[in-house]
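Participant: With the sequence up front, the predicted model follows.
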Amino acid sequence: MKYVLDASAALCRVIPRPLTPTALRLRDEYRKGVHQLLAPSVFSAEAASALTKCERQKLIPAGQARRLLADILADAPLPHPYDPLLYRATDISSQTRGPVRLPLRRPGRA
């Protein structure tokens, strides 16, 4: 199965949350080659930002963001550029009145 990995899902692997067991299972299955994970090129920056926010909110001790980021990036998939798809994602969001979701492939391509 192919999944798009969002930074918030990866964060669940290193900070206990309700979906932590699911995130850990997905990571383990990815390591075993059961799933293919894709990530937008902003994935690492989003993860870093979320971790430093967790420090500011005192959810993790100050100074832990860097170590936890290294844990996340150790299993991160190769990044895919999202800029070429940004206008299409914006159009879809406008039409559906939903959030901008960036597909990692162009329609009609595998």
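Facilitator: Alright, I've got the coordinates.

Participant: Would you map the strands across this structure?
Facilitator: Taking DSSP state E as the test, the strands found in the chain are 2-4, 36-40, 79-80.

Participant: Go through these and pick out the most buried.
Facilitator: strand 36-40 (a mean of 18; mean count of other C-beta atoms under 10 Å). The C-beta positions use only the backbone N, C-alpha and C, and glycine is treated the same way.

Participant: Go through this protein and flag its longest helix.
Facilitator: Using DSSP state H, we find that the single longest helix of the chain is helix 43-56.

Participant: Show the average pLDDT along it.
Facilitator: In this model, helix 43-56 carries a mean pLDDT of 95.

Participant: all helices of this structure, in order?
Facilitator: Going by DSSP H, the chain shows helices at 7-14, 20-31, 43-56, 65-74, 86-96.

Participant: now those helices in a markdown table, with distance to L37?
Facilitator: Converted to a markdown table, the helices of the chain look like this (distance: least, C-beta to C-beta, whole Å):
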| stretch | distance to L37 |
| --- | --- |
| helix 7-14 | 9 |
| helix 20-31 | 5 |
| helix 43-56 | 10 |
| helix 65-74 | 12 |
| helix 86-96 | 19 |
